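In: Sequence plus the predicted model coming up.
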Amino acid sequence: MLAFLALALGSGGGALAQETDSVSLQLTPSRDSGVSGTATLTDVGEGVRVELNMRGLPEAGIEHINHFHAGGSCTADRAGNVAPATIPLKTIVAKEDGTGSGTKTLEGVTLNSLFDPGKDRYIALHSEVEEGQGVPPVISCSDVVEAAGRGAVSTTLPESGGPRPAMLLAAAALLSLGAAAGVVGLVRRGS
């Protein structure tokens, strides 16, 4: 039991990152766009496949660039503090029904590197590119933040400080159970 406890306490977020090979992020509307969707990131061995499925796109046939931004968050972007785009993704073309999708494999990248807690990143989908206008504003966004358990990823930073407090709580519970079992064993021996 102590070996398990040491492993749980020492593993931090890194062990969680290896439990699952796929993560889904929810992109939420920015600037009252009504555009939302899902980004599914899957470890495919040689890299990470990023699949975007969007809905609420305003006009059919319009191309929407999207990519990872580094050094910022959706909240900062919505406030006008745009971080640099670092990893381009597949351009999405809006369909008649307002949906659009795109898939790209990022070679030489791992889920662990994308969800590095020391790096702020977000995925942004931009409005229509207009020639000579520069990079268009973000219309849908998701922070790339690992949630405890890795089965899901939140779109906001966890108030708990990440998975370590949850693991410490679980470790404390295991210690309490072990102590209770020890007391019961001593009481039985004394009887």
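Out: Cool, the structure landed. Residues are numbered from 1 along each chain as shown.
In: so where's this structure uncertain?
Out: 1-20, 146-191 (pLDDT under 70).
In: Span of stretch 24-39 from start to end?
Out: Using CA to CA, to the nearest Å, one end of stretch 24-39 lies 6 Å from the other.
In: And that stretch, what's buried?
Out: By neighbour count on 16 or more other CB atoms under 10 Å, the buried set for stretch 24-39 is 25, 27-30, 33, 35-37, 39. To be clear about C-beta, it is placed using only N, CA and C from the backbone, and glycine gets the same treatment.
In: before we move on, which element is Asn112 in?
Out: helix 111-114 (DSSP states H and E).
In: other SSEs contacting that helix?
Out: Here helix 111-114 touches helix 2-17, strand 36-43, going by 3 or more CB pairs under 8 Å, 6 or more residues apart in numbering; DSSP states H and E.
In: The same query, at a cut-off of 7 Å, please.
Out: strand 36-43 (3 or more CB pairs under 7 Å, 6 or more residues apart in numbering; DSSP states H and E).
In: Could you list the residues in contact with the strand it packs on?
Out: 21-29, 48-56, 110-111, 114, 123, 140, 142 (CB atoms under 7 Å, 6 or more residues apart in numbering).
In: Helices of the protein, start to end?
Out: Ranges of helices in the chain, per DSSP state H, are 2-17, 74-78, 111-114, 163-190.
In: what comes up buried for the third one?
Out: Neighbour-count burial for helix 111-114 flags 111, 114 (criterion: 16+ other CB under 10 Å).
In: what comes into contact with that helix?
Out: By CB under 7 Å, 6+ apart, helix 111-114 touches 17, 23, 41, 43, 48, 121, 144.
In: With respect to Gln133, which of the residues you listed is nearest?
Out: Arg121 (25.0 Å; CB to CB).
In: measure the nearest residue to the closest one once chain neighbours are set aside to Asp77 for me?
Out: Excluding its sequence neighbours, the residue lying closest to Arg121 (CB to CB, 6 or more residues apart in numbering) is Val144, at 4.1 Å. Distance of Val144 to Asp77, given as CB to CB, to the nearest Å: 13 Å.
In: Ile87 reaches Asn66, doesn't it?
Out: No: Ile87 is not in contact with Asn66 according to CB atoms under 7 Å; the separation is 10.0 Å.
In: The two: which has the busier surroundings?
Out: Counted by other CB atoms under 10 Å, Ile87 and Asn66 do not tie: Asn66 has more neighbours, with 27 against 16.
In: list the contacts for the more buried one?
Out: 52, 89, 92, 123-126.
In: what do you get for Ser101?
Out: Ser101 neighbours (CB under 7 Å, 6+ apart): 52-54, 92.
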